[in-house]
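Peer 1: just to be clear, the model below is a prediction. Sequence and coordinates:
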Amino acid sequence: MTSSTSTIIPVILSGGSGTRLWPLSRETYPKQFWPLVSEQTLLADTALRAHGPGFGAPIVVCNESHRFLVAEQLREVEVPGARILLEPVARNSAPAIAAAAILAEETNPGAILWIMPADSAISDVPGLH
């Protein structure tokens, strides 16, 4: 797409303390990094939902300790150009979304943001689109 106003920038919120799916999910390896509903991890499935024509490179907001997991899992499913925005301290969704919006505006003014949690399972992706 050539017009920045029609580009959709996926913003993937990949925070979480890993407590809801214990003992599988841990603080160092929360549920979004596990392949729970497909052969891909929840994070990879989320990124692939918004990959292709009309979508820009994703912005993934994550804990500093997860940055290498995020980068590796996106590389494995061939989602290039992701920008990883590190949260020094978890502060819930609103500050993460605000920080991602500022980052997106710097490189793609007027883009539409699609905010997605990294741990959702959606089976009907065409219906979602």
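Peer 2: Great, that's in hand.
Peer 1: now what about the lengthiest helix in the chain, what contacts it?
Peer 2: Using DSSP state H to assign secondary structure, the helix with the most residues in the chain is helix 93-107. Where contact means Cβ atoms under 8 Å, 6 or more residues apart in numbering, the residues beyond helix 93-107 that reach it are 9, 11, 13, 15, 59, 61, 83, 85, 87, 111, 113, 115. C-betas here are computed from N, CA, C, even on glycine.
Peer 1: quick one: average pLDDT of stretch 43-56?
Peer 2: For stretch 43-56, the per-residue pLDDT values average out at 94.
Peer 1: residues in contact with it?
Peer 2: Against stretch 43-56 from outside (Cβ under 8 Å, 6+ apart): 1, 6-10, 12, 14, 32-33, 37-38, 40, 58, 60, 70, 73-74, 76-77, 79, 82, 108, 111, 114, 116-122, 125, 128.
Peer 1: so how do I select the buried members of those residues in PyMOL?
Peer 2: Buried members of the contacts of stretch 43-56, identified by 16 or more other Cβ atoms under 10 Å, are gathered into one PyMOL selection as follows:
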select buried, resi 7+9+10+12+14+32+33+40+58+60+70+73+74+79+82+108+111+116+118+119
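Peer 1: the contacts of stretch 43-56 in strands, which ones?
Peer 2: Secondary structure of the contacts of stretch 43-56 is defined by DSSP state E; positions in strands are 8-10, 12, 14, 60, 114, 116-117.
Peer 1: most widely separated two among those?
Peer 2: Ile8 and Ser14 (18.2 Å; Cβ to Cβ).
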